[in-house]
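Engineer: Okay, sequence plus prediction incoming.
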Amino acid sequence: MDIKKEIKSLLRHAELYKSQGLLNEALEQYIQAGRMLKKHAARIGNTKLLQAVAGRIRDLKAEIARIDASPDMSEVTEKAQNIIKEKFAFAEKEESRDLEGAVALVRFGQFERAMREFRQLMGREEFKLDAAKNIIRCHVTLDALDDAAAQYREWFDNEVLSAEELNKLRVFLQSILDKKGIRETLPVREPAPTVRPTVVEDQGVMDGEIIMPELVEVEVVGEEISEEEIIDISSVEITLEEGPGKGRTVEYDVSFQSGRVINLLISSSDKTLIETLRTGLELKKVHFYSPIAMFNGEGVVFSKSRIESGPKQGDYSLDIQIQHIR
Amino acid sequence: MANINLKKREVECKIVYYGPGRCGKTTNIEYIFKTFQKQVTGDMITTETDGDRTLFFDFLPMGLGKIRGYDIRLQLYTVPGQVKYSATRKMVLREVDGLVFVADSLAVRRKKNILSLKDLHENLKEYGLSIFKIPLVLQYNKRDLAEQGIPLMPYKTMERDLNRQLKAPSFPASAVKGDGVGDTLKTCIKLTLKSLKKQMGW
Ligand SMILES: Nc1nc2c(ncn2[C@@H]2O[C@H](COP(=O)(O)OP(=O)(O)OP(=O)(O)O)[C@@H](O)[C@H]2O)c(=O)[nH]1
Ligand SMILES: [Mg+2]
């Protein structure tokens, strides 16, 4: 083909790909056209065109970088949020779907709306505690521990939650605050429920934690675990059994939990860990820590995605499904 | 499995449009929204990000009338095609009843089509579904671009790449012009309802 024609055709293709939003493909065509223009400069002698092509290449590269850096999650319209809430709740039982719908909003990063829904759900006795806990989790995920503590104090000051419920929330949040090294002691509602201090060795309970009578039942959970049976997991310790970090044990806080699935945020700096924890990987040696006890068990990496915006940008969000706990 | 409400006598089926980024999934739904107004029962809801790429999903509710006294409701979704949205893609696929795989006919997108079909296969597997068993239709989109002298893959090549094992119904299409969009959807609905009837024992 005549060189001029060939260049013309490359440029035409580039324009079309660009109009289709196929930016990498467009870039490839411009780069080829640029190369040909340079190679045959003596014959063609069109320096203006070469400059124009160089300009296009520059713009496209900037555009590609900008789109790559665009967020994975951002606020969507209220109508779209309604669809998430109504259509992404799959629980068998219709009653559970309201709570699950609000959790779905969290999964799609719609935190403000999710918190509004949880606040409403607190008006229903059966959801009160779960909804409250999820509000705390949203604050924790947003790295707003001050807000989490302030929220607890607000509930502490009004009559929304019973002493027992407040106490559960306190144990839950206090363990997160302690983990993050935040020196804040949440107030205890009097009269405090009967507590029995214990030590790590004999009960498998974390140092300084308390056993709450009604939760001790969760000791042994059989092979098949149902959503309702799952206790709150605040952190996990995973022993890697493959990859470059084989044998290494890592500990991570749980950022939120939905039934059997727990979510962890893994720092972008831990590249080997991110690579090793591929979707579908079975984790045979996991310690699950709840605010009241520690369990051994197994899990599977359910999904993994890179966080593209916000304070955790570049980090990875990992869902682990709990398979067994003993 | 479709969502069946015995009390209200309603059945909700979910059809998902899957495929690589920029292949024309959203354009399909836009055309359906404009053209099949009689069946459309509500607004088309989109979640867009930069340069009209889908962020979470598009959503379009439709009604198909009654079967055995049950109101059959159809919900069309698209997934976000960009590779980086893999977690969202999987969430949108959950509890799918029927699938349209939209492939891009542009020769430069050959590999992306294959990768996206593989991604679909994997995601279905994780939900315990088989790509060979689920109601599935393939669409080879952007055929109109042939007129502009842009290299497209021949129909045969696309069949060989994507449909050799699946042997699913397949349609050439131009979503911008609307060619093939209706046929694709109708065939998918037919297959989905057939499988629904089987599940319901109708
Ligand atoms: N010529 C032509 N262009 C098309 C056709 N279908 C879609 N396009 C164009 O391709 C581009 C992408 O279309 P979309 O419908 O947004 O693609 P998508 O599959 O929803 O993309 P993602 O949301 O990123 O996954 C747009 O510029 C459309 O106008 C078609 O049949 N012919
Ligand atoms: Mg789209």
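Structural biologist: Here it is on my side, so go on. Ligands and ions are numbered 1, 2, ... in the order given.

Engineer: So is the strand or helix carrying residue A:273 next to chain B?
Structural biologist: Counting by DSSP states H and E, the element that carries residue A:273 is helix A:271-276. No - figure legend: helix A:271-276 not in contact with chain B (Cβ under 8 Å from any Cβ of the partner chain); closest approach 14.1 Å. C-beta: built from backbone N, CA, C; applies to glycine.

Engineer: for the record, mean pLDDT for that helix?
Structural biologist: In this model, helix A:271-276 has an average pLDDT of 85.

Engineer: can you list the residues that contact that helix?
Structural biologist: For helix A:271-276, contacts defined as Cβ atoms under 8 Å, 6 or more residues apart in numbering or on different chains pick out A:240, A:242, A:243, A:244, A:245, A:250, A:266, A:268, A:304, A:316.

Engineer: Name the SS class of residue A:72, please.
Structural biologist: With DSSP: H, G, I helix; E, B strand; the rest coil as the basis, residue A:72 sits in coil.

Engineer: meant to ask about residue A:32, not that
Structural biologist: Note that with three-state DSSP, the state of residue A:32 is helix.

Engineer: what separates residue B:38 from ligand 2, distance-wise?
Structural biologist: Per Cβ to the ion, to the nearest Å, residue B:38 is found 24 Å from ligand 2.

Engineer: Can you report how many residues lie near residue 148?
Structural biologist: Since you didn't name a chain, this refers to chain A. Counted with other Cβ atoms under 10 Å in any protein chain shown, residues neighbouring residue A:148 total 25.

Engineer: I was thinking of chain B, sorry if that wasn't clear
Structural biologist: Considering only other Cβ under 10 Å, residue B:148 is surrounded by 10 other residues.

Engineer: Contacts only, for it.
Structural biologist: Counting by Cβ under 8 Å, 6+ apart, residue B:148 touches residue A:16.

Engineer: can you rerun that using 6 Å?
Structural biologist: The neighbourhood of residue B:148, defined by Cβ atoms under 6 Å, 6 or more residues apart in numbering or on different chains, contains no residues.

Engineer: Give the burial count for the residue of chain B found nearest chain A, as a bare number.
Structural biologist: Minimum separation of chain B from chain A (Cβ to the nearest Cβ) falls at residue B:87, amounting to 3.8 Å. Number of residues near residue B:87 (other Cβ under 10 Å) recorded here: 19.

Engineer: Mind giving me the packing neighbours of the strand or helix carrying residue B:189?
Structural biologist: Assigned by DSSP H and E, residue B:189 belongs to helix B:181-200. On a contact count with 3 or more Cβ pairs under 6 Å, 6 or more residues apart in numbering or on different chains; DSSP states H and E, helix B:181-200 meets strand B:98-104, strand B:136-141.

Engineer: Quick check: which of the ones you listed is nearest to residue A:171?
Structural biologist: strand B:98-104 (45.5 Å; Cβ to Cβ).

Engineer: Show me which positions of the helix holding residue A:273 end up buried.
Structural biologist: Judged by neighbour count using 16 or more other Cβ atoms under 10 Å in any protein chain shown, the buried positions of helix A:271-276 are A:273, A:274, A:276.

Engineer: mind putting these in CSV, distance to ligand 1 included?
Structural biologist: Formatted as CSV, those follow (distance: Cβ to the nearest ligand atom, whole Å):
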residue, distance to ligand 1
A:273, 30
A:274, 25
A:276, 30
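
Engineer: where does chain B dip in pLDDT?
Structural biologist: B:1, B:51 (pLDDT under 70).

Engineer: repeat that for 80
Structural biologist: The model of chain B has pLDDT under 80 over residues B:1, B:50-51.

Engineer: and stretch A:6-20 with ligand 2, contact?
Structural biologist: No - using Cβ under 5 Å from the ion, stretch A:6-20 never reaches ligand 2; the gap is at least 12.3 Å.

Engineer: Dump the C-alpha coordinates for the helix holding residue B:189 into PDB.
Structural biologist: In PDB, the C-alpha atoms belonging to helix B:181-200 read as follows (Å, rounded to 0.1, in the frame of the first residue of the first chain):
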ATOM      1  CA  VAL B 181     -31.000  -6.600  19.300                       C
ATOM      2  CA  GLY B 182     -34.600  -7.800  19.500                       C
ATOM      3  CA  ASP B 183     -33.800 -11.300  18.100                       C
ATOM      4  CA  THR B 184     -31.000 -11.700  20.700                       C
ATOM      5  CA  LEU B 185     -33.400 -10.700  23.500                       C
ATOM      6  CA  LYS B 186     -36.300 -12.700  22.300                       C
ATOM      7  CA  THR B 187     -34.200 -15.900  21.900                       C
ATOM      8  CA  CYS B 188     -32.800 -15.400  25.400                       C
ATOM      9  CA  ILE B 189     -36.300 -14.900  26.900                       C
ATOM     10  CA  LYS B 190     -37.500 -18.000  25.100                       C
ATOM     11  CA  LEU B 191     -34.700 -20.100  26.500                       C
ATOM     12  CA  THR B 192     -35.000 -18.600  30.000                       C
ATOM     13  CA  LEU B 193     -38.800 -19.300  30.100                       C
ATOM     14  CA  LYS B 194     -38.300 -22.800  28.900                       C
ATOM     15  CA  SER B 195     -35.900 -23.500  31.700                       C
ATOM     16  CA  LEU B 196     -38.200 -21.700  34.200                       C
ATOM     17  CA  LYS B 197     -41.100 -23.900  33.100                       C
ATOM     18  CA  LYS B 198     -39.000 -27.000  33.700                       C
ATOM     19  CA  GLN B 199     -38.000 -25.700  37.200                       C
ATOM     20  CA  MET B 200     -41.600 -25.000  38.000                       C
END
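
Engineer: Check the secondary structure at the residue of the stretch 151-300 of chain A found nearest ligand 2 for me.
Structural biologist: Using Cβ to the ion, the closest approach of the stretch 151-300 of chain A to ligand 2 is made by residue A:279 at 23.2 Å. Classification of residue A:279 using three-state DSSP returns coil.

Engineer: any chance you could map the helices in chain B?
Structural biologist: For chain B, the helices defined by DSSP state H occupy B:25-35, B:86-93, B:110-126, B:155-163, B:181-200.

Engineer: that older thread, dump the buried residues of helix A:271-276 into CSV; add distance to residue A:188 as well.
Structural biologist: Output for these, formatted as CSV (distance: Cβ to Cβ, whole Å):
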residue, distance to residue A:188
A:273, 37
A:274, 40
A:276, 41
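
Engineer: mind giving me CSV with those residues and columns for distance to ligand 2?
Structural biologist: Shown next, in CSV, are the buried residues of helix A:271-276 (distance: Cβ to the ion, whole Å):
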residue, distance to ligand 2
A:273, 33
A:274, 28
A:276, 33
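
Engineer: Return the member of those residues nearest to chain B.
Structural biologist: residue A:274 (14.1 Å).
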